[in-house]
Structures are given as C-alpha cells and as structure tokens.
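1. Attaching a predicted model along with its sequence, questions to come.
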Amino acid sequence: MSTDPVIEWCVPAGSQRKERTDDYEDTTSTISTFSCDAACETSHDLPGGDQFTEQDLEEQLASIKWISDSESNLTETCTVQELKSLPLFDLLSDDLLCQVASFLNVGSLKRSRLLSRRFQAVLSRNEAGWTNHCERLWKRKIHIANKAKALFAQQDESSAMEAYRLSCTDARLRHELNLEELCFDPNTNQGTIWHFRFKQSAGREWTSFDPWHNGREARRMVFLVDGTVRQLVLSGGEDRPLQLRLPFFDAMNNVGLDIRWRFVSEPMDLPRKQDGAYIRLTVGGRDPPTYIIHRSPNGNWGFLMENCWGVFASFPLPLKAPTVEGPQANPVRMRLRRASNGGGRWLNVNGIESDDEEEFDPPTKRGRRTIVDLLDDSSLTVTNRWQWREALLYNLGASSLPDGPQAVAEFNRAWNQMMRQRGISVVTNQHL
C-alpha cells in the first residue's frame with residue numbers, strides 16, 4: 001500500500017525542522033508551531049526530485065491548524081484560507097516590520113504607532129528608524145539637550161525614540177542656558193561662540209562702527225567661566241588661530257571695554273525665572289538693560305540673548321543685505337547650512353520653507369514651519385517697551401540696575417526724587 005510522500009516544511013531559523021505526513025489524526029498532538037513565513041512558499045521539492053504546485057500544497061494544508069509564533073501577533077488558530085485573509089503586516093516578523101518602518105518619515109512613523117498595540121511596541125524600537133532620525137535631525141541643530149544625548153548613547157530598545165522626543169520637547173520648552181551652552185573654554189577652543197550686533201534702536205553712534213551694519217560679519221564674543229567676556233579674533237596663524245581681546249577693541253584704538261557677566265533671576269518689569277533665563281552685563285562699570293535669553297525663531301535650536309539695543313546669537317548671523325529702494329524691494333532671507341566640522345554658510349532661501357519634522361513642533365501651514373530670518377529687527381522680540389525703565393536709568397547715568405521683587409519700587413523712589421530735585425511735580429499711584 002503506497003503512502004503520500006513526506007513533506008519537509010520550511011520553518012524559521014531557530015525552530016526545529018519537523019516531518020509531516022497526511023495522517024493528521026495520529027499526529028495532531030505532535031504538530032509543531034509553524035511560522036506564517038511557511039505560507040509564502042509556492043513550491044516544495046519532494047524526496048524523489050519531483051515538484052508540486054501551490055494548489056497541491058493548499059490541499060495538503062487544508063485541515064492543518066496553524067498557530068503563529070510570538071512574532072506574528074496571531075492569537076487564534078486559523079486555516080490556510082483564513083491565513084490568506086489576514087492583513088499583510090500581521091504576517092511580518094517584528095524585525096521585518098522594523099525594516100519596513102525604517103523607510104518612513106517621522107510623521108508617518110508616529111501615526112503608524114497608533115494602529116495597534118503591536119505597532120506601538122515594535123515601531124518604538126531603535127531599528128524602526130529612530131536612530132537615523134535622531135542623527136539626521138541633530139546634525140542640523142545647534143544645541144541638543146544633554147539628557148537626550150545621554151539617552152541616545154544608552155542604545156536601549158527604544159532609547160532613540162525617547163531621545164528624539166526629549167530633544168524636541170527641550171528645544172520647544174526650555175529657554176534657559178546652562179554653563180556649558182553659554183561658556184567657551186580657551187584651553188580647548190570648545191564651547192559656544194556668540195555673534196553680536198547692535199539693533200537700530202541703539203542709535204547711529206553705536207551702529208556706525210558695528211561690523212554687521214557695515215556689511216561685514218558680526219563680532220564674535222565668548223563668555224568665560226570666570227565671569228568675563230572677550231572678543232574672539234581669528235588671527236589666521238597656525239600656532240594661534242584664535243585670540244581673545246577686550247570687546248570692541250577694533251573700534252576703540254585697540255583699548256576695548258572690560259565686560260563682565262552674571263545671571264539674574266528677576267530684573268525689572270520681567271517675571272522671575274531660574275538662573276540661565278537672564279544675563280546682565282557690566283560694560284565699563286555700568287549695567288545696560290538686561291539680556292533676555294530665548295530660543296532662536298528660525299528653528300535651528302540655537303539661542304538668542306537680546307536686550308532693547310543689541311543681540312547675541314549662538315550661531316553665525318547672515319550678512320546684512322544691501323538696502324533696496326522702491327516697490328520691488330524684498331528682504332533677502334537666509335538660512336544657515338551646517339557643516340560637519342561645526343562651521344556653516346548662509347544660503348538665500350527666500351520663499352523656501354523648513355522641512356524639519358520635529359515631533360512636538362506646533363503645526364503650521366501644511367504642517368511645516370516657515371523659516372524666520374534675523375536680518376531685520378522686527379523679527380526679534382525685545383524692544384524699548386519691554387525695558388524702558390532699565391534703558392532710562394542707563395541713559396540717566398545709573399551705574400547699576402536694581403533687580404528682585406522691589407526693583408520697580410526702587411525705580412519709582414529714585415525717579416520721584418530726581419523729579420522733585422528738578423522742581424517737577426510727580427503724580428504717584430496714591431493720587432490716582
């Protein structure tokens with residue numbers, strides 16, 4: 001009596017190879033767990049060298065009960081017909097699903113994680129593309145949170161996704177500097193180089209000798225941990241390519257000004273914040289209005305420090321465009337193209353929009369953020385209306401500015417006293 005040939009099944013790596021015959025009733029208890037990958041086979045070699053078609057295979061499988069392995073996300077047994085009706089991604093192993101997901105952009109990857117619990121777990125893995133997304137995003141950014149970089153370095157199962165999320169949240173919500181982001185180390189030439197220019201509101205006396213307003217690169221300034229500020233000069237020499245000079249030496253007959261910095265937490269007319277939100281400079285023994293720290297509006301995760309008269313940027317500022325008169329005048333918009341060596345160059349991107357896909361950025365037109373240039377003072381935040389008290393005290397000759405909860409009261413007392421000395425009647429809040 002002849003028997004049907006023994007079929008050798010292809011099972012995933014790591015599974016034991018089993019032999020099956022058509023005597024299903026006698027061997028039901030020994031049926032092994034098969035992977036859904038076996039259903040993708042369209043032909044099988046028989047021991048005698050013959051082949052049978054997919055139709056023959058389906059006849060052999062007609063009554064076999066399949067149980068998926070842990071990777072295929074099937075929780076119930078199913079026949080071959082039911083197996084063919086399953087969604088394609090349910091037939092993919094976790095590793096293969098990660099391979100497919102690695103071709104998705106961040107927005108598509110986020111939405112795919114909402115499809116099922118399995119997708120949420122599998123597409124959170126580093127192999128699903130999060131490692132590449134972190135590297136691609138951070139390559140174009142100035143300041144990345146240290147916690148995010150440390151999390152990324154752990155290389156846990158989903159550390160890259162969490163690092164991506166943390167870095168985007170930090171860039172959106174944190175507007176305070178830490179010492180590492182503020183300071184420069186002259187011994188290693190590592191740290192932040194700040195680029196400074198005056199605003200038009202500083203007056204012609206200051207903008208006339210400002211390099212940026214004369215079509216050249218903005219002054220490079222560095223903040224040292226000892227509380228001093230120096231101007232960084234690129235000498236061009238191989239032995240000492242960088243020199244530290246007193247700020248504004250190039251406009252003051254090589255003398256310069258002694259500038260010192262300190263953190264303050266509650267300047268006049270501004271809310272109390274933690275250290276790193278405000279910096280006060282002492283320039284030649286006098287305090288100009290407080291510098292307010294916030295993220296750059298152009299989306300590069302850089303920082304700006306600005307008061308009503310000047311601005312520091314933690315990245316190179318674009319050159320000032322020539323003034324164009326007439327109705328055809330349009331401001332030139334520039335974008336910083338970062339280089340792998342830490343440098344960069346500015347490109348004219350007038351009318352181009354940013355293609356960043358940061359996870360927690362607020363949605364804008366077509367889901368993309370418009371690039372904001374820093375060529376015009378109107379794109380900056382701090383004006384004289386914010387700091388009129390501090391600006392007034394400086395212009396009246398004050399050497400130091402008050403801060404703390406009583407700063408406004410101190411200003412009012414000093415102002416009233418000065419007005420009385422000049423014979424000017426003062427209307428106080430008590431008379432209103």
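-> Good, I have the coordinates.

2. low pLDDT regions in the chain?
-> 1-90, 236-241, 322-375, 424-432 (pLDDT under 70).

3. Tell me how it divides into domains.
-> Domain assignment for the chain by automatic domain parsing gives 7-91, 97-173, 179-379, 388-431.

4. List the contacts of Q243.
-> By CB atoms under 8 Å, 6 or more residues apart in numbering, Q243 lies in contact with L232, V233, S235. In short, each C-beta sits where N, CA and C put it, glycine included.

5. Check T381 too.
-> Here T381 is in contact with I292, H294, L304, E306 (CB under 8 Å, 6+ apart).

6. For S208, state which of those residues is nearest.
-> Comparing these against S208 with CB to CB places E306 closest, at 20.2 Å.

7. Can you tell me, leaving aside adjacent residues, what's nearest to that closest one?
-> The shortest distance from E306 to any non-neighbouring residue, by CB to CB, 6 or more residues apart in numbering, is to V382 (4.7 Å).

8. one step back: what is the nearest of the contacts of T381 to I142?
-> Nearest to I142 among the contacts of T381, with distances taken as CB to CB, is L304, at 11.0 Å.

9. now for the helix or strand hosting that closest one, which elements pack on it?
-> Here L304 sits within strand 303-306, counting by DSSP states H and E. In terms of contacts (3 or more CB pairs under 8 Å, 6 or more residues apart in numbering; DSSP states H and E), strand 303-306 is packed against strand 291-295, strand 310-313.

10. Try it again at 10 Å.
-> Contact here means 3 or more CB pairs under 10 Å, 6 or more residues apart in numbering; DSSP states H and E; on that basis strand 303-306 packs against helix 179-182, strand 194-198, strand 278-283, strand 291-295, strand 310-313.

11. mind listing what it pairs with, with the direction of each?
-> Pairing partners of strand 303-306, with direction, according to DSSP bridges: strand 291-295 (antiparallel), strand 310-313 (antiparallel).

12. Now do the contacts for D170.
-> H143, I144, A145, N146, K147, A148, R295, W301, F360 (CB atoms under 10 Å, 6 or more residues apart in numbering).

13. now, which of the residues you listed sits nearest F198?
-> Nearest member of those to F198, counting by CB to CB, is R295, at 21.5 Å.

14. so the closest one touches E306, yeah?
-> No: the pair R295 / E306 is not scored as a contact, 11.8 Å apart, by CB atoms under 10 Å.

15. out of the helices and strands packed on strand 303-306, nearest to P402?
-> The nearest among these, by CB to CB, is strand 278-283 at 11.0 Å.

16. circling back to that earlier point, adding mean neighbour count and distance to D94, write the helices and strands packed on strand 303-306 out as a markdown table.
-> Putting those into a markdown table (neighbours: other CB atoms under 10 Å; distance: least, CB to CB, whole Å) gives the following:
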| stretch | mean neighbour count | distance to D94 |
| --- | --- | --- |
| helix 179-182 | 17 | 38 |
| strand 194-198 | 21 | 47 |
| strand 278-283 | 20 | 49 |
| strand 291-295 | 20 | 38 |
| strand 310-313 | 23 | 45 |
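
17. who wins for proximity to D250 among the ones you listed?
-> strand 194-198 (12.4 Å).

18. Report the next helix or strand after the closest one in sequence order.
-> Heading C-terminal from strand 194-198 (DSSP H and E), you reach helix 204-207.

19. What segments of the protein are helices?
-> Secondary structure of the chain (DSSP state H): helices at 24-27, 54-61, 80-84, 94-101, 106-112, 117-122, 130-138, 146-154, 159-173, 179-182, 204-207, 388-395, 407-421.

20. Give me whichever of those is most buried.
-> Among those, judged by mean count of other CB atoms under 10 Å, the one packed with the most neighbours on average is helix 159-173 (a mean of 21).
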